[in-house]
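Visitor: any chance you can model this:
(one chain, ligands or ions: 2)
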Amino acid sequence: MQAKIQFNCVISPYPAQKIVNLPLFKMNMELKEHFNNKIFKLISETADELGLECYVVGGYVRDIFLKRPSKDIDVVVVGSGIEMAQAFGRKLGRGAHVSVFKNFGTAQVKYHDTEVEFVGARKESYSHDSRKPVVEDGTLEDDQNRRDFTINAMAVCLNKARFGELVDPFNGLDDLKERTIRTPLDPDITFSDDPLRMMRCVRFATQLNFYIDDTTFEALSRNKERIHIISKERIADELNKILLAPIPSKGFIELDRCGLLPLIFPELVALQGVETRNGRAHKDNFYHTLEVVDNISKHTDNLWLRWATLLHDIGKPRTKRWEPRIGWTFHNHNFIGEKMVPDLFRKMKLPMNEKMKYVQKLSLIHISEPTRQAEISYAVFCLKKKKRDSL
Ligand code: ATP
Ligand code: MG
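Guide: Ligands and ions are numbered 1, 2, ... in the order given. Down below sits the predicted model:
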């Protein structure tokens with residue numbers, strides 16, 4: 001019997017993603033309607049007064065078509081994003097807070113619960129050993145070329161004369177309809193320039209339950225070694241987002257398929273494989289783990305509970321033995337797993353605080369829980385501990 005369990009103890013830095021309902025997608029939607037609030041009207045006025053071309057771009061535009069609420073607005077200005085932000089902030093008046101990041105050429109305007117990020121349209125060129133580009137002023141086209149995926153490269157004009165016009169040079173809208181993640185330019189260049197995009201590729205495919213286009217996927221495999229120039233923190237950030245997706249296994253399977261997983265998380269890959277001796281086989285602990293992660297994800301958005309599930313058998317490869325009278329054994333794998341958690345968290349730059357201890361405690365305890373299914377035992381355990389645990 002499946003227990004119905006509610007968790008109110010979830011505090012996680014990333015909201016878990018709900019599955020996107022694409023059948024509701026309307027291709028002929030009046031885009032203008034989505035920009036008729038005060039914020040966009042005032043950005044439009046400001047841009048026209050300064051004589052600057054101005055567009056909403058990226059995730060905000062994508063999420064309109066996906067019918068996902070999105071608070072963060074990215075605006076590209078053909079000219080100075082900082083000048084534009086300051087003028088917009090003055091127009092908003094009291095309640096507006098403008099932060100300028102001169103080094104990045106960007107500025108953010110916060111107004112109540114809305115955040116608008118302004119950036120000047122730019123052209124980027126990369127050196128081989130860094131994901132930090134040399135940046136120069138560019139056109140809207142240059143700026144769209146440097147975006148990671150076609151679905152993230154769509155722009156909507158805010159200037160009065162073209163208000164609500166979609167600029168979609170890479171047919172991002174078609175890719176949304178076909179549920180496809182594809183790079184706007186040659187994927188070898190896109191991924192090699194900034195290898196974080198490889199993690200973002202798998203992350204978006206997982207969050208949205210999209211396919212990765214074949215050519216894009218092949219480039220993931222070819223460029224996988226470039227992931228070494230990306231900081232562990234950025235990788236952990238993407239892994240957390242994958243883990244918070246509705247079906248996290250999809251992300252780990254894609255990461256494995258393209259060869260990134262052994263580079264960023266070899267301990268998980270070590271769970272793979274089935275060995276048979278004298279007709280006795282053990283289960284594939286990799287797929288077993290992913291199954292349990294997907295199951296727990298139906299019950300909880302708690303990122304750390306999902307991590308605990310992902311690591312619940314992590315000690316198995318080190319404890320695997322063949323015992324002629326018993327068969328395959330993994331004695332004490334929970335104790336070994338418990339010991340591995342801090343090292344893993346340290347190595348992957350995950351937090352070394354009470355969250356790590358919580359994951360560690362769960363990886364020790366899971367085996368002693370009386371229920372058959374690990375996910376239920378985690379859930380029950382978590383529920384019992386809810387009052388004592390602040391997580
Ligand atoms: P979400 O915030 O929901 O994760 P998003 O698409 O808004 O998704 P952000 O990281 O907020 O993602 O970035 C905003 C936009 O900036 C993206 O839509 C994309 O156009 C661009 N972008 C972000 N990171 C990169 C990158 N590494 N390479 C190229 N373009 C990027
Ligand atoms: Mg965003």
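Visitor: can you tell me which residues contact the closest residue to ligand 2 within the chain?
Guide: Going by CB to the ion, ligand 2 is nearest to Gly59 of the chain, at 4.0 Å. C-beta coordinates here come from the backbone N, C-alpha and C atoms, glycine included. Contact analysis of Gly59 by CB atoms under 8 Å, 6 or more residues apart in numbering lists Ser70, Asp72, Asp74, Asn152.
Visitor: most neighbours, which of those?
Guide: Greatest neighbour count in those, by other CB atoms under 10 Å, goes to Asn152: 22 neighbours.
Visitor: endpoints of stretch 88-96, how far apart?
Guide: 9 Å (CA to CA, to the nearest Å).
Visitor: show me the contact partners of that stretch.
Guide: Residues contacting stretch 88-96 (CB under 8 Å, 6+ apart): Leu42, Ile43, Glu45, Thr46, His97, Val98, Val109, Lys110, Tyr111, His112, Val116, Phe118.
Visitor: which parts of the stretch 251-391 of the chain are strands?
Guide: Counting by DSSP state E, counting those that start in this stretch, the segments of the stretch 251-391 of the chain that form strands are 276-277, 280-281, 321-323, 327-329.
Visitor: and what of the stretch 51-200 of the chain?
Guide: Along the stretch 51-200 of the chain, the stretches classed as strands by DSSP E, counting those that start in this stretch are 53-57, 72-78, 96-101, 106-111, 114-120, 122-125, 134-137, 155-157, 166-167, 180-181.
Visitor: closest one to Asn145 among those strands?
Guide: Among the strands of the stretch 51-200 of the chain, the nearest to Asn145 by CB to CB is strand 122-125 (7.8 Å).
Visitor: any idea which of the strands of the stretch 251-391 of the chain is most buried?
Guide: Highest mean neighbour count among the strands of the stretch 251-391 of the chain (mean count of other CB atoms under 10 Å): strand 327-329, with a mean of 15.
Visitor: the contacts of stretch 88-96, buried ones only, as a PyMOL selection?
Guide: The PyMOL command for the buried members of the contacts of stretch 88-96 (criterion: 16 or more other CB atoms under 10 Å) is given here:
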select buried, resi 42+43+45+46+98+109+111+116+118
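Visitor: turn the contacts of stretch 88-96 into CSV, columns for pLDDT.
Guide: Formatted as CSV, the contacts of stretch 88-96 follow (pLDDT from 0 to 100):
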residue, pLDDT
Leu42, 96
Ile43, 97
Glu45, 97
Thr46, 97
His97, 96
Val98, 97
Val109, 97
Lys110, 96
Tyr111, 94
His112, 91
Val116, 97
Phe118, 98
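Visitor: closest residue of the stretch 201-350 of the chain to ligand 1?
Guide: Ranked by CB to the nearest ligand atom, the top residue of the stretch 201-350 of the chain for proximity to ligand 1 is Lys241, at 7.0 Å.
Visitor: quick check: which element contains that residue?
Guide: Per DSSP states H and E, Lys241 falls inside helix 232-243.
Visitor: now for that helix, which elements pack on it?
Guide: helix 196-208, helix 248-257, helix 303-310 (3 or more CB pairs under 8 Å, 6 or more residues apart in numbering; DSSP states H and E).
Visitor: Tyr287 is nearest to which of these?
Guide: Of all the helices and strands packed on helix 232-243, helix 248-257 comes closest under CB to CB, at 8.2 Å.
Visitor: using CSV, list the CA coordinates for that closest one.
Guide: Taking C-alpha atoms only, helix 248-257 is exported to CSV below (Å, rounded to 0.1, in the frame of the first residue of the first chain):
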residue,chain,number,x,y,z
PRO,A,248,15.4,13.3,-11.8
SER,A,249,16.5,10.0,-13.3
LYS,A,250,16.1,11.5,-16.8
GLY,A,251,19.0,13.9,-16.0
PHE,A,252,21.3,11.3,-14.5
ILE,A,253,20.7,8.9,-17.4
GLU,A,254,21.4,11.7,-20.0
LEU,A,255,24.5,12.7,-18.1
ASP,A,256,25.7,9.1,-18.1
ARG,A,257,24.8,8.6,-21.8
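Visitor: quick one: the residue lying closest to Arg147 once chain neighbours are set aside and ligand 1, what's the gap?
Guide: Of all residues not flanking Arg147 in the chain, Ala153 sits nearest, at 3.8 Å (CB to CB, 6 or more residues apart in numbering). Ala153 is 6 Å from ligand 1, where distance means CB to the nearest ligand atom, to the nearest Å.
Visitor: is it true that Ala153 touches Leu173?
Guide: No - with contacts counted by CB atoms under 8 Å, Ala153 stays clear of Leu173, the gap being 10.8 Å.
Visitor: which of those two has more residues huddled nearby?
Guide: Set Ala153 next to Leu173 and count neighbours by other CB under 10 Å: Ala153 wins out with 26 against 18.
Visitor: quick check: phi and psi at the more buried one.
Guide: When read as degrees, to the nearest 10, the backbone of Ala153 gives phi -110, psi 10.
Visitor: which residues does it contact?
Guide: Neighbours of Ala153 in contact, by CB under 8 Å, 6+ apart: Val57, Gly58, Gln144, Arg147, Asp168, Pro169, Phe170, Gly172, Pro184.
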